[in-house]
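Participant: can't give you the sequence, but here's the structure:
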């Protein structure tokens, strides 16, 4: 295999921005050199000029619904991987709510091995916490981890029985793994379909209060303290939850959190006209929540940006609001939505590298990636922050188009994605 | 003039449009008092009443309105529709439309669903109630009833009492009445007053006396325990003691106050029989106005479709 030299790079890591050339040999980063210091004639080199581009460690998305097995008409492991690399993502965690769900090692190894064979990205399936996601019996966590999983989640549901959650946290601690929580108190959520607030009062949709999230965040932080185990809060949406995570971290409790780009970009006002592409779980909140989330992304309270990529077919979303499924596709909009924050002066490139690569790598225990450094895996995302394009049918790689950004102009994207030293995507 | 394909909401209505609809309804109100009540305005037109929720009054009112205008009226209820076989709401309506229905009145349990249909079919759609969002013909008939008895609509004090949160009647009335500078108070158990209710431009009364004392119009809402579950109100008995309109409470009201209720009334729960049957009650006038308002809306939308007027 030919070695690759990325030259004239502006290298953005979680804690530094430097200039240099990156030498890739095989699937590893062999060296980082001063620009122009390597004579191309020495080695058999493919040279890629990265002038005016930003070079980040391959993004790691902690939250992707890939829909295989079970709902391949929405997405499959291959199409999800294609959307991932087009969005600069080189490793992703696949949510466990497939059909059948990932409650045993066979399904876990099926998903993980398929990604290894495909070679586009590494897919690490979440295992479910309980058998059949029924919330009572624990799964064979050790076996599932051996098959390629890195964590456990019942995303879409909350384990409402605190005793089950306590025992699950205790058990998972033996493997130094973690539980990712979809924090919504199902009773407080009721049959609501959007944030409870001014907009829901105006348009008559049933509301879901922020506290339906924060009461479970509070509970699970307390259970993490009780058990000394690790809990990861998925797609945090509410200011109250952010404050609880900050409190937990201050107390030394092992709690981490992620936020989706849509939860830091959009408010519940978008639901006024019943457009189902703004229906999410948790629901879009208010500007005060966005302000709190952005502050928390900057100060480290929120560890990760994760997409919660949730493909649904157009006809499934083309129904009355309350009947529509939740979520949007997000793999290809993470970079442009984050760049919008950076352009507005609310976020930095280093923080992007930290929250979308370095921190996720550490949370899932894959420290062979997450930064551009000698000896690390050659997973690299090359971003043109100024490229303007329409996110249309030809750009979109997902099988689904359920996104409020579909057919809209976006700015910034991955123009080359490198996985294990191979170019797996280029514009 | 009212130039739209559909009638979905009172939110966006202009004062001119409201006046046009009310003037037209007043003419139909007069026709309703004649011995021969039928006019041929909608002859050859097809009106379908598609009701996914139970209704006697509203459906009958639309049916009578359509028939008096000479339309062919077909009623489809939730239990006889294909919804029970898993067909989507939009597919059901598109199928009805394919049979050349001109106007479809729709009642459905999902907020926003009727607007969604209107945006995606050619037929004219009238919202006969979408979830807890709106019931615009009810608000128009309430306004017509008030207009028949109060000289000036502007600046009236209106109190709406009952389950505000789940009430499409309350929302449509509030949107409509605010346009006339009416001062609207709402009152009910805190469990059924929406969070951020002030965005609707209303104030919340402290108690039943505060709610009735300066009111020119009191709209009493039906307690819909079937919609509310068991958690929001402990019992009919306690509701009656604290939130009900009784003769005793009416002593605090203005002499010329109008009592409205969208029906069907729960006698002895949200309103006592004595008040419901008193000369301050205009509940049956509302029913009469309802037919006139619906005749007006059907004929206006039919004219808009043919481009005549």
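Facilitator: Yes, it's here. Values in this document were obtained by computation on a predicted structure and should not be read as measured data.
Participant: mind listing the strands for the stretch 251-400 of chain A?
Facilitator: Along the stretch 251-400 of chain A, counting by DSSP state E, counting those that start in this stretch, strands occupy A:255-259, A:304-305, A:380-390.
Participant: Break the chain into its domains for me.
Facilitator: Picked chain A for this. A:3-55+A:376-396+A:407-426, A:57-363 (automatic domain parsing).
Participant: hmm, I had chain B in mind actually
Facilitator: Per automatic domain parsing, the structural domains of chain B span B:15-134+B:287-306, B:136-286.
Participant: Could you count how many residues lie near the one residue in the stretch 51-200 of chain A that gets nearest to chain B?
Facilitator: Going by CB to the nearest CB, chain B is nearest to residue A:198 of the stretch 51-200 of chain A, at 4.4 Å. The way it works is simple: take the backbone N, C-alpha and C, and place the C-beta from them, glycine included. Applying other CB atoms under 10 Å in any protein chain shown, we find 20 residues neighbouring residue A:198.
Participant: so when I look at residue A:214, I'm seeing a helix, right?
Facilitator: Yes - the assignment for residue A:214 (DSSP: H, G, I helix; E, B strand; the rest coil) places it in a helix.
Participant: Please name the nearest non-neighbouring residue to it.
Facilitator: Spatial nearest neighbour of residue A:214, excluding adjacent residues (CB to CB, 6 or more residues apart in numbering or on different chains): residue A:240 at 3.8 Å.
Participant: Quick one: classify that neighbour as helix, strand or coil.
Facilitator: Assigned with three-state DSSP, residue A:240 falls in the helix class.
Participant: Residue A:31 belongs to a strand?
Facilitator: Yes - assessed with three-state DSSP, residue A:31 lies in a strand.
Participant: tell me the contacts of it?
Facilitator: For residue A:31, the contact set (CB atoms under 8 Å, 6 or more residues apart in numbering or on different chains) comprises A:22, A:23, A:374.
Participant: wait, does stretch B:252-265 make contact with chain A?
Facilitator: No - against chain A, stretch B:252-265 shows no contacts by CB under 8 Å from any CB of the partner chain, the least distance being 15.8 Å.
Participant: Name the residues of that stretch that are buried.
Facilitator: Neighbour counts over stretch B:252-265 (16 or more other CB atoms under 10 Å in any protein chain shown) mark B:253, B:254, B:257, B:258, B:259, B:260, B:261, B:262, B:263, B:265 as buried.
Participant: Determine which two of those are furthest apart.
Facilitator: By the measure CB to CB, B:254 and B:263 form the most distant pair in the buried residues of stretch B:252-265, at 23.0 Å.
Participant: quick one: the helices in the stretch 51-200 of chain A?
Facilitator: A:77-86, A:105-118, A:141-146, A:162-173, A:186-189, A:198-203 (DSSP state H, counting those that start in this stretch).
Participant: quick one: the third one to chain centroid distance?
Facilitator: Between the centre of helix A:141-146 and the centre of its host chain there is 22 Å, according to CA atoms, centre = their mean, to the nearest Å.
Participant: repeat for the first one
Facilitator: Offset of helix A:77-86 from its chain centre (CA atoms, centre = their mean): 13 Å.
Participant: go on, the last one?
Facilitator: With CA atoms, centre = their mean as the basis, helix A:198-203 stands 30 Å off its chain's centre.
Participant: ok, the helix or strand just after it: who's next to it in the sheet?
Facilitator: Remark: after helix A:198-203, the chain's next helix or strand is strand A:207-208, criterion DSSP states H and E. Sheet pairing here is set by DSSP bridges, and for strand A:207-208 it gives strand A:194-195 (parallel).
Participant: can you give me the mean pLDDT across the partner strand?
Facilitator: If you average the pLDDT over strand A:194-195, you get 98.
Participant: need the helices for the stretch 201-350 of chain A, in chain order.
Facilitator: Under DSSP H, counting those that start in this stretch, the stretch 201-350 of chain A gives helices at A:211-227, A:239-250, A:261-265, A:287-299, A:314-317, A:334-343, A:349-353.
Participant: out of all of them, which helix in chain B is the longest?
Facilitator: Assignment by DSSP state H gives helix B:283-306 as the longest helix of chain B.
Participant: and chain B, which of its residues are near chain A?
Facilitator: With CB under 8 Å from any CB as the criterion, chain B meets chain A at residues B:88-90, B:108, B:110-113, B:115-116, B:130-134, B:168, B:171, B:194-197, B:199-200.
Participant: Which of those fall in strands?
Facilitator: B:108, B:130 (DSSP state E).
Participant: Inside helices: which ones of the residues of chain B next to chain A?
Facilitator: Using DSSP H, those in helices are B:89, B:90, B:113, B:115, B:116, B:168, B:171.
Participant: What about the fifth one, how many residues nearby?
Facilitator: Meaning residue B:116. 27.
Participant: which non-adjacent residue is nearest it?
Facilitator: residue A:320 (5.3 Å).
Participant: quick one: low-confidence parts of the chain?
Facilitator: All of this refers to chain A. Along chain A, the model assigns pLDDT under 70 to residues A:1, A:40-43.
Participant: that answer is for a different chain, and I need it for chain B
Facilitator: Applying pLDDT under 70 to chain B flags residues B:79-84, B:226-227, B:229, B:307-309.
Participant: sorry, back to before: which one (most neighbours) among the contacts of residue A:31?
Facilitator: residue A:22 (24 neighbours).
Participant: Surely that one touches residue A:5?
Facilitator: Yes - at 7.3 Å, residue A:22 counts as touching residue A:5 under the criterion of CB atoms under 8 Å.
Participant: OK, contacts around whichever residue of chain A sits closest to chain B?
Facilitator: Nearest to chain B in chain A, going by CB to the nearest CB, is residue A:204, at a distance of 2.9 Å. Residues in contact with residue A:204 (CB under 8 Å, 6+ apart) are B:111, B:112, B:130, B:131, B:132, B:133, B:134, B:168, B:171.
Participant: Next, count neighbours for the third one.
Facilitator: In other words, residue B:130. Taking other CB under 10 Å as the criterion, the count of residues near residue B:130 is 29.
Participant: which SS class is residue A:9?
Facilitator: Once three-state DSSP is applied, residue A:9 turns out strand.
Participant: Chain B: strands as residue ranges?
Facilitator: Under DSSP E, chain B gives strands at B:46-51, B:72-77, B:103-108, B:124-130, B:157-161, B:183-187, B:203-204, B:217-220, B:258-260.
Participant: Can you lay out the ones you listed as a markdown table showing distance to residue A:123?
Facilitator: Output for the strands of chain B, formatted as a markdown table (distance: least, CB to CB, whole Å):
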| stretch | distance to residue A:123 |
| --- | --- |
| strand B:46-51 | 46 |
| strand B:72-77 | 48 |
| strand B:103-108 | 41 |
| strand B:124-130 | 42 |
| strand B:157-161 | 55 |
| strand B:183-187 | 53 |
| strand B:203-204 | 53 |
| strand B:217-220 | 58 |
| strand B:258-260 | 61 |
